[in-house]
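Chemist: Here you go, sequence then predicted model.
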Amino acid sequence: MDGTYRMRNPLRHSSQAFHLPDFPAIRPEHVVPAIDELLINYRDGVEKWLGSRSRPDWAMVEAELDWADGLDRAWSPVSHLNSVADTGALRKAYNEGLERLTEHENWRQQHQGIFLAYQELRQSAQFEELSPVQQRIIELELRDFFLAGIALPDEDQAVYRELVLRMSKLGSRFGENLQDATRAWAKEFQNTRQLQGLPEAELNLLAGLAHSRGKEGWLVDLSHPSFNAVMTYAQERGLRKEVYTAYVTRASDQGPTAGQWDNTPLIDELLALRHQLARLLGFKNYVEFSLSRRMADTPETVLCFLQGLAVKALPAARKQYAELESFAQEQGAQRPLKAWDIAYWSERFRQVELNLSDEVLKPFFPMERMLDALFHTAGQLFGIMMVPDHSIATWHQDVRFFWLQDDSGCRFAGLFMDLFTRNDKRGGAWMDVCLSRRQTKEAIQLPMAYLTCNFAPPVGEQPCLMTHDDVQTLFHEFGHCLHHLLTEIEWPQVNGINNVEWDAIELPSQLFENWCWEDEILSKFARHYKTGLQMPEDLKDRLVRSRHFHKALFLVRQLEYALCDLHLHLDYDPENPRAPLDVLNQAREQVAVIPVPDWNRFLNGFSHIFGGGYAAGYYSYLWAEQLAADAWGCFRHEGVFKAETGKALRDEILAVGASRPAMESFIAFRGRPPEPGPLLESYGL
Ligand SMILES: [Zn+2]
């Protein structure tokens, strides 16, 4: 690598003053050399540092932060581009870089020297002189070292490493099996006779699926959108049953591909290994291990929380189900309803009750106005202005950049918004960190974030029109962004969204969703894109009512999954392990309202807890909803745009990030620990 090439690599800015990534200049060939160089820098720095000091002090933490932040600044734009401007060459470079970073993480987590230095610092007299935030950074580092098994005797460390490796393999295998089983089943249609009931958009989707496989006509497969289209709209009961059967038996001993990719032995082994890992680290079970990084403190807290919700939700869910049954019967449905009838009759019921369609709603939600609504909300609550800056280089012409400015005109953060769907972009909506706020001797690095969505782009004269779901997604992701951008903590280890407990991280995002349902926002901003007229009162009313539609039925299903996940990991007995299906059935007996056939193999496709990161943590969804609903209660009580409440939210939750435990922050904002009442209310219970 020659000197001039090095100079021109835009990812090599570890020693320069902080700046935004130079997106147009980043090439795939820059990635690996820059990452390699930064990693060598990091490792050499650590070894030199450990060799040169007799006693660890805070300067060590700062020095390590310097190397780590340099890496983050180089990697963030690469990882972001890989998601939003994917090319084969970049993907290859990204994967190579990722491999190196994973190796580096392992090296860091298993480094005795760094661990002992942190431990010594924790036990030194200097620790007492550090600020509470600095102390917390050290405590969190030590916690993570312990959870990575570094304090175990050598023999146990070897066992630990084997367990982690095996669990990671099983998790990937689980996902692969599920993917293979999902891909293995499809059904072709030469005409739409059997597909009666499906709206045009859904039929187009199925025609697209056929086309993508080089077929004529329509094709139903087991991907989410296709499965949902049939379950929600297909009039033919036999077809719904067939698709349902194929879907809920994927990767199991049942259904059309029975035994081919069976995840059952993987589930058994994963549960056993997780239990073993937790015991090795000194926990009673895997739930305790998992909660050591969460806001909820004990398994009992979580269990009480879930059972408390169940008591309130069950009667309402039963009532909703009974109403659905009698509606379906009036409409001529065969009784009793089966699992494959529920979504279909629920949608029919929704149409009669609410008569809402995206086609009617979308003209009232042009994107520009919804951005105004979003920025208006942020302005009212926090006194901030979002100021566009067209001079900032981005990765695509549709991407916008905004400075966040306070009322004295001072810029304190920045946000990239990339809102339209494109071929080279990953689907879905998410927020990610570009730069973390950081104070050094010379300068301050301002926090920067990416907000990415996949809305339909404008067509000709017609602007981008959003569904209300889209609007809610936009508010949600913006809430995550504010959590990162309004931080006032100067160390990236604990500012913004970094290191926030997983069951609390959705608090700002879910809280922010509430504003897009508010009358003031709907009246002021939801106006027809052609006429500028307000949404008719009756339509607005039906939209708002749709928020609670069949919510109790939804809630009991979430409770069923959360309780099952908790009991699988909490009650695990290595001497006498129960069949996971029995544990699921027990949870169903407790909270399920909708009938499920006994050949349903939901667990074999439950990738959240067996192929993803939600093991012993599925409750987090509801926990975070509880926090958001309870915080929203405060706004509803004080006035939803009350600046004082906004300031309290900013000061006590958004600005402090993980610099103190989430429970402390919540209590500081709300004046008491979270309560489930407002969540139940938000579900119309
Ligand atoms: Zn979120």
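Modeler: Yep, that arrived.

Chemist: Who is Thr452 paired with across the strands?
Modeler: Asp418, Trp430 (DSSP bridges).

Chemist: now the strands for the chain?
Modeler: Applying DSSP state E to the chain gives strands spanning 186-189, 218-221, 385-388, 400-405, 411-420, 430-435, 438-439, 444-445, 448-455.

Chemist: Redo the ones you listed as TSV? Include mean neighbour count and distance to Tyr572.
Modeler: For every residue, glycine as well, the C-beta is placed using N, CA and C. Below are the strands of the chain laid out as TSV (neighbours: other CB atoms under 10 Å; distance: least, CB to CB, whole Å):
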stretch	mean neighbour count	distance to Tyr572
strand 186-189	17	37
strand 218-221	23	35
strand 385-388	15	49
strand 400-405	19	47
strand 411-420	20	43
strand 430-435	20	33
strand 438-439	16	42
strand 444-445	15	45
strand 448-455	22	38
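
Chemist: can you count the residues close to the residue lying closest to Glu47 once chain neighbours are set aside?
Modeler: The shortest distance from Glu47 to any residue other than its chain neighbours is 7.9 Å, reached at Gly113 (CB to CB, 6 or more residues apart in numbering). Using other CB atoms under 10 Å, Gly113 has 13 other residues around it.

Chemist: ditto for the one 4 residues further on
Modeler: Residues contacting Ala117 under the criterion other CB under 10 Å number 22.

Chemist: That one: what's it in contact with?
Modeler: Applying CB atoms under 8 Å, 6 or more residues apart in numbering to Ala117 gives the contacts 50, 56, 60.

Chemist: Would you reformat the residues you listed as TSV and include distance to Asp154?
Modeler: Putting those into TSV (distance: CB to CB, whole Å) gives the following:
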residue	distance to Asp154
Leu50	20
Pro56	23
Met60	25
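
Chemist: Which one (most neighbours) among the residues you listed?
Modeler: Pro56 (22 neighbours).

Chemist: That residue: what's its closest spatial neighbour, skipping adjacent residues?
Modeler: Ala117 (4.0 Å).

Chemist: And for Gly45?
Modeler: Trp67 (5.3 Å).

Chemist: For the one you found, give me the pLDDT.
Modeler: If you check Trp67, the pLDDT there is 93.

Chemist: doesn't Ile40 make contact with it?
Modeler: No: Trp67 sits out of contact with Ile40 when judged by CB atoms under 8 Å, with a separation of 10.2 Å.

Chemist: what about those two, which has more around it?
Modeler: Higher neighbour count among Trp67 and Ile40: Trp67, with 19 against 10, using other CB under 10 Å.

Chemist: and the gap between that one and Glu99?
Modeler: Applying CB to CB, to the nearest Å, the value for Trp67 to Glu99 is 19 Å.

Chemist: now Ala34
Modeler: 15 Å.

Chemist: more crowded one of these two?
Modeler: Shown here are Ala34 and Glu99; by other CB under 10 Å, Ala34 has more neighbours (24 against 12).

Chemist: For the more buried one, which non-adjacent residue is closest in space?
Modeler: In space, Ala34 is closest to Leu11, 3.6 Å off (CB to CB, 6+ apart).

Chemist: Number of residues surrounding the one you found?
Modeler: 25.

Chemist: burial of the residue nearest to Gly684 when sequence neighbours are not counted, as a residue count?
Modeler: Of all residues not flanking Gly684 in the chain, His548 sits nearest, at 3.5 Å (CB to CB, 6+ apart). Close neighbours of His548, defined as other CB under 10 Å, add up to 13.

Chemist: Can you pull the domain assignment for the protein?
Modeler: 3-151, 185-248, 284-360+550-611 (automatic domain parsing).

Chemist: closest to Pro492 out of these?
Modeler: Evaluated over the domains of the chain, closeness to Pro492 peaks at domain 3-151, with 6.1 Å, by CB to CB.

Chemist: For the stretch 51-200 of the chain, just list every one of the helices.
Modeler: 58-84, 88-109, 112-123, 125-129, 132-147, 154-184, 200-212 (DSSP state H, counting those that start in this stretch).

Chemist: a markdown table please, covering those and showing distance to Ala615.
Modeler: Compiled in a markdown table, the helices of the stretch 51-200 of the chain are given as follows (distance: least, CB to CB, whole Å):
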| stretch | distance to Ala615 |
| --- | --- |
| helix 58-84 | 24 |
| helix 88-109 | 19 |
| helix 112-123 | 25 |
| helix 125-129 | 34 |
| helix 132-147 | 14 |
| helix 154-184 | 9 |
| helix 200-212 | 32 |
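
Chemist: just the CA coordinates of stretch 637-648, formatted as PDB?
Modeler: Output of stretch 637-648 as PDB, limited to C-alpha atoms (Å, rounded to 0.1, in the frame of the first residue of the first chain):
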ATOM      1  CA  HIS A 637     -52.100  14.300  32.000                       C
ATOM      2  CA  GLU A 638     -50.000  17.400  31.600                       C
ATOM      3  CA  GLY A 639     -50.800  18.200  28.000                       C
ATOM      4  CA  VAL A 640     -49.300  16.300  25.100                       C
ATOM      5  CA  PHE A 641     -47.100  19.300  23.900                       C
ATOM      6  CA  LYS A 642     -46.300  20.600  27.300                       C
ATOM      7  CA  ALA A 643     -42.700  21.900  27.100                       C
ATOM      8  CA  GLU A 644     -41.900  21.200  30.800                       C
ATOM      9  CA  THR A 645     -42.800  17.500  30.400                       C
ATOM     10  CA  GLY A 646     -40.800  17.500  27.200                       C
ATOM     11  CA  LYS A 647     -37.800  18.900  29.100                       C
ATOM     12  CA  ALA A 648     -38.200  16.300  31.800                       C
END
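
Chemist: residues in contact with it?
Modeler: 377, 380-383, 514-515, 518, 520, 634-635, 669.

Chemist: Likewise for stretch 37-56?
Modeler: Under CB under 8 Å, 6+ apart, the answer for stretch 37-56 is 12, 14, 60, 63-64, 66-68, 70-71, 74, 100-101, 104, 107, 111, 113-114, 117-118, 120-121, 124.

Chemist: Isn't Ala343 up against Met231?
Modeler: Yes: counting by CB under 8 Å, Met231 is a contact partner of Ala343 at 4.2 Å.

Chemist: Compare those two (neighbour count), which wins?
Modeler: Between Ala343 and Met231, counted using other CB under 10 Å, the more crowded position is Met231 (21 against 18).

Chemist: quick one: contacts for the more buried one?
Modeler: Met231 sits next to 240, 243-244, 340, 343-344 when contact means CB under 8 Å, 6+ apart.

Chemist: mind redoing it with 6 Å?
Modeler: Ala343 (CB atoms under 6 Å, 6 or more residues apart in numbering).

Chemist: How much space separates it from Ala339?
Modeler: On the measure of CB to CB, Met231 and Ala339 end up 10 Å apart.

Chemist: hang on, isn't Leu178 packed against Ser252?
Modeler: No: contact criterion CB atoms under 6 Å: Leu178 and Ser252 do not qualify, at 10.0 Å.
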